[in-house]
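Peer 1: pasted the sequence and its predicted model underneath.
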Amino acid sequence: MTILKTVNVSKRFGKFAALDGVNMEVKSGEVFGFIGPNGAGKSTTIRILLGILKASEGDATIFGMDAWKNAVEIHKRLSYVPGDVNLWPNLTGGEVIDLFMMMRGSSNQKRREELIEKFDLDPSKKCRTYSKGNRQKVALVAAFSSDADLFILDEPTSGLDPLMEKVFQDCIIDAKRAGKSVLLSSHILSEVERLCDRVGIIRQGKIIETGTLQELRHLTRTNLLVETKQPVTALHELKGVHDLTTKDQALSFQVDPEELDAVMKYVSQFGLLRLESSPPKLEDLFMRHYETDTGAGGAS
């Protein structure tokens, strides 16, 4: 079942097109990774989904309801955590968590206490005394204490140390096990790779790739490290070979998936002594999409 869907969503600010026909779908019980550099359109898309901005064109629906017209009804079943949390300075962290829980009609005090302990948060301190990381913790505890059906998280681990990032990842896994849906916007590719069922990559306001990690990996190059008895000649002339370098008498290079068989047959003629292969990572795909833009002064 589809929980969240955008169809040809565009957003213009004057002559500037922040979004240009964004199509995205998040299914029930799915963790969907939404990645792209700053300025690519992630936060604009999320603001439209939250009903903060109205799309210039297209449709955005959550739980089958219009994200703009039915925002109040949608927010009863939704939890949102931004990348930079602003809290009431004179309230304590615990009071803010309780306020958010009350607004959602949630009263799971046991879950609240468990999360406060896991995130190592002192709820008795005033919010004005909190660091950025502690403000994020307050928002995360409030979000995951609720019984929301959908979590929209925009760079939620910004300011958290690695130990707290692990706690956050455990919360996502728990939410998924409970059948909840998650839209996770993140610049930490390892986090996306570890948690997400499917990924959408946005560039300059357009979704350029969407699919499961397995589906996306076939588009990326395999990393190889090869050492042979005899020097390999003319490897750089073979189709599908990229970034060839010599490293401690071994050759390091990348191979396009469709040329891997031919390259391996060619290299094996020189007598293999060592062969190391590492699978393509999400980061490889991400960088391949952006390397052309950086050369042209685009997004990086």
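Peer 2: Perfect, thanks for sending it.

Peer 1: quick one, strands of the stretch 1-150 of the chain?
Peer 2: Under the criterion DSSP state E, counting those that start in this stretch, strands of the stretch 1-150 of the chain are mapped to 2-13, 16-27, 31-35, 57-62, 65-66, 78-81, 150-154.

Peer 1: nearest to Leu195, out of those strands?
Peer 2: Proximity to Leu195, assessed across the strands of the stretch 1-150 of the chain by CB to CB, is greatest for strand 31-35 (5.3 Å). C-betas here are computed from N, CA, C, even on glycine.

Peer 1: tell me the most buried of the strands of the stretch 1-150 of the chain?
Peer 2: Among the strands of the stretch 1-150 of the chain, strand 31-35 has the highest mean neighbour count (mean count of other CB atoms under 10 Å), at a mean of 25.

Peer 1: re the thing from before, export the strands of the stretch 1-150 of the chain to CSV and append columns for mean pLDDT and distance to Leu225.
Peer 2: Shown next, in CSV, are the strands of the stretch 1-150 of the chain (pLDDT from 0 to 100; distance: least, CB to CB, whole Å):
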stretch, mean pLDDT, distance to Leu225
strand 2-13, 96, 42
strand 16-27, 95, 37
strand 31-35, 94, 28
strand 57-62, 96, 46
strand 65-66, 97, 52
strand 78-81, 94, 40
strand 150-154, 96, 37
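
Peer 1: can you put those in JSON lines and add distance to Gln204?
Peer 2: As requested, the strands of the stretch 1-150 of the chain are arranged in JSON lines below (distance: least, CB to CB, whole Å):
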{"stretch": "strand 2-13", "distance to Gln204": "13"}
{"stretch": "strand 16-27", "distance to Gln204": "8"}
{"stretch": "strand 31-35", "distance to Gln204": "14"}
{"stretch": "strand 57-62", "distance to Gln204": "17"}
{"stretch": "strand 65-66", "distance to Gln204": "26"}
{"stretch": "strand 78-81", "distance to Gln204": "25"}
{"stretch": "strand 150-154", "distance to Gln204": "19"}
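
Peer 1: and those strands: which comes nearest Gly271?
Peer 2: Of all these, strand 31-35 comes closest under CB to CB, at 41.7 Å.

Peer 1: CA atoms only for the closest one, dumped as PDB, please.
Peer 2: What follows is strand 31-35, C-alpha atoms only, in PDB (Å, rounded to 0.1, in the frame of the first residue of the first chain):
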ATOM      1  CA  VAL A  31      12.300   3.000   4.700                       C
ATOM      2  CA  PHE A  32      12.900   5.300   1.700                       C
ATOM      3  CA  GLY A  33      16.200   7.100   1.400                       C
ATOM      4  CA  PHE A  34      16.100  10.600  -0.200                       C
ATOM      5  CA  ILE A  35      19.600  11.800  -1.100                       C
END
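
Peer 1: paired strands for it, with orientation please.
Peer 2: Applying DSSP bridges, strand 31-35 is found paired with strand 181-185 (parallel), strand 198-203 (parallel).

Peer 1: confidence score at Thr44?
Peer 2: Predicted confidence (pLDDT) for Thr44: 95.

Peer 1: what does Asn90 give?
Peer 2: According to the prediction, Asn90 has pLDDT 95.

Peer 1: I'd say it and Arg128 touch.
Peer 2: Yes. If you go by CB atoms under 8 Å, Asn90 and Arg128 touch, sitting 7.0 Å apart.
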